[in-house]
Each structure stands twice: as structure tokens, then as C-alpha cells.
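quick one, structure for this:
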Amino acid sequence: MPHCTKCGTEVPVNAQFCSSCGQPQPPAPVAPPGWQPPPPAARSGMSENTAAALSYALGWITGIIFFLIDKRPYVRFHAAQSIVTFGALNIIRVFVAMIFGVGWMFGSHHHLGYGYAGWGSVGLGIAVISLLGILTFVLWIYCLIKAGTGQPFMLPVAGPIAKSLAGQQ
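Okay, here's the model as predicted:
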């Protein structure tokens, strides 16, 4: 609340005179034409860049969380891109493991009826899964840095899908 320019008493924003000493008060500042207040922060109080970066923090899991709780377009796009990118990479990794007969502990599960490959292909499966892991890690770091610094980017395949998922035709 503003104060009187002469005696310092609190005066209402639109007061023309001080109620205590009668001093004329300057008019309240007027916003320039077209000015709008900045958009409110997310419910968490995070900046857009921080929320967008955190939507990649735990892959598709935090992507889902931020997609549901944050309605800002920048954050929703990155949350959707996180869901699409890291969700797809997770699914691909599971399918590769099934195809090559590689289980959670990198062992063959032929006795359980999983996988088609023999022991020789298990090594190839481990190599493919390892390469997918490295690709995922590098992509994860890239997304965290770009989103956190506010640099616009869209991944080649996942970006357009994420854009439509976020409702940003």
C-alpha cells in the first residue's frame, strides 16, 4: 500500500489526498497499453525451465507427473516429449531383451519359454541393450540441459508426437 508523500501515512492506491495531512497525492501508475502481468508460476512455484528439466529427471515417470500437474505450454511439451522418448526407449529395450532371450539378470530364459535366441545371441542382446542404455543416457543429459537452459528444441521423431499430445498443433 502506498504512503503519503508528506507525512508517510498509508493511503489507498487511488487516493487523491492524504486523509491525515491533506497533501495531494500523485496519481497511481498506469500500466502501458498491451501490458499484461506475467503468467502465474506452477503450483510448485518452479520456473518453467526448472519444471521442464525436471520432467526429464526420471524419464517417462516424471514426464507423466509434470504433464498432469503443470499446465504451462513449455513444460507440457517437454513432459510429453519425455513420456514419448523415454517411454519408447524403455519399451524397445524390453522387446530387444525378449528377442535375444536376455532377462533382467542377463541370463537366458529358455527353460521358461522366453526368447528365441541361443547362448551365442545373448551376448549380442547384451551389446544391443548396452548401446541402447548409452544412447538413452546421452539423450537424457541433452534433454535436461536444453530444457533447463530454456533453449527450444524438438527431438526428430518424438517431438511432433509430443507437440500434438501437449495440444500444441
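
who's in contact with the residue nearest in space to the middle of the chain?
The residue lying closest to the centre of the chain (CA atoms, centre = their mean) is residue 52, at 2.7 Å. Contacts for residue 52 were tallied using CB atoms under 8 Å, 6 or more residues apart in numbering; they are 66, 74, 75, 77, 78, 79, 147, 148, 150. No exception for glycine: its C-beta is placed from N, CA and C like everyone else's.

who wins on neighbours among those?
Counting neighbours by other CB atoms under 10 Å, residue 78 comes out on top of the contacts of residue 52 with 32 neighbours.

got the buried residues for the helix of greatest length in the chain?
For the chain, the helix with the greatest residue count under DSSP state H is helix 119-148. Neighbour-count burial for helix 119-148 flags 121-122, 125, 128-129, 132, 136, 139-140, 143-144, 146-148 (criterion: 16 or more other CB atoms under 10 Å).

distance from the chain centre to the lowest-mean-pLDDT helix or strand in the chain, please.
One helix or strand of the chain scores below all others by mean pLDDT, DSSP states H and E: helix 119-148, with a mean of 85. Offset of helix 119-148 from its chain centre (CA atoms, centre = their mean, to the nearest Å): 21 Å.

please apply the same query to stretch 15-29.
Per CA atoms, centre = their mean, the displacement of stretch 15-29 from the mean C-alpha position of its chain is 48 Å.

contacts for that stretch, please.
Contact partners of stretch 15-29, identified using CB under 8 Å, 6+ apart, comprise 2, 4, 5, 6, 7, 9, 11, 13, 14.

find the nearest non-adjacent residue to the fifth one, please.
What that stands for is residue 7. Using CB to CB, 6 or more residues apart in numbering and skipping residues adjacent in sequence, the residue nearest residue 7 is residue 21, 4.4 Å away.

what secondary structure does the one you found sit in?
Taking DSSP: H, G, I helix; E, B strand; the rest coil as the rule, one finds residue 21 in the coil state.

can you tell me how far it is from residue 143?
Going from residue 21 to residue 143 by CB to CB, to the nearest Å gives 60 Å.

same thing with residue 55?
9 Å.

common neighbours of those two, please.
78, 82.

just say helix, strand or coil for the residue nearest to residue 48 when sequence neighbours are not counted.
Distances taken as CB to CB, 6+ apart put residue 74 closest to residue 48, at 4.8 Å, once the chain neighbours are dropped. Of the three states, residue 74 takes helix according to three-state DSSP.

and residue 27, by the same measure?
Of the three states, residue 27 takes coil according to three-state DSSP.

tally of neighbours for it?
9.
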